[in-house]
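Asker: take a look and give me a structure for this.
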Amino acid sequence: MKAIYNGQVLAESQDTVVVENNHYFPESALNKAYFKDSSKHSTCPWKGEASYYTIEVDGKTNPDAAWYYPEPKDAAKEIKGRVAFWKGVEVVQ
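Answerer: All right, here's what the predicted structure looks like:
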């Protein structure tokens, strides 16, 4: 699987975990040059509190376009250390 934004590969891995139709990539698969910490947080009743990254590729910014659960609840423990995408990031095989 690949996560692509603005023509660049943000992450690539054969080891994604699919939860609610989102592919969660291992953090080690991310090209960290494109990621900046965001102050945004949200809460899911069964996964826990999510944190976000803003993505910047070649001068184009996509705020809060990637998320992860630093300390997921037990029901979602398989996504610990993984990142998912939305908001115009294309995830393809």
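Asker: now do K77: how many residues are near it, please.
Answerer: Using other CB atoms under 10 Å, K77 has 12 neighbouring residues. Every C-beta, even on glycine, is put in place using the N, C-alpha and C of the backbone.
Asker: that one belongs to a strand?
Answerer: No - counting by DSSP: H, G, I helix; E, B strand; the rest coil, K77 falls outside a strand, being helix.
Asker: state the distance from it to Q8.
Answerer: Using CB to CB, to the nearest Å, K77 is found at 31 Å from Q8.
Asker: so where do the strands sit in this structure?
Answerer: 2-5, 8-12, 17-19, 22-26, 35-44, 48-57, 60-68, 82-85, 90-92 (DSSP state E).
Asker: okay, now the sheet partners of the first one, with direction.
Answerer: Translated: strand 2-5. strand 8-12 (antiparallel), strand 90-92 (antiparallel) (DSSP bridges).
Asker: any idea of the pLDDT on the nearest residue to I4 once chain neighbours are set aside?
Answerer: Spatial nearest neighbour of I4, excluding adjacent residues (CB to CB, 6 or more residues apart in numbering): E90 at 4.7 Å. Note on E90: pLDDT of 98.
Asker: pull the number of nearby residues for the nearest residue to T43 once chain neighbours are set aside.
Answerer: Spatial nearest neighbour of T43, excluding adjacent residues (CB to CB, 6+ apart): E49 at 5.2 Å. Taking other CB under 10 Å as the criterion, the count of residues near E49 is 13.
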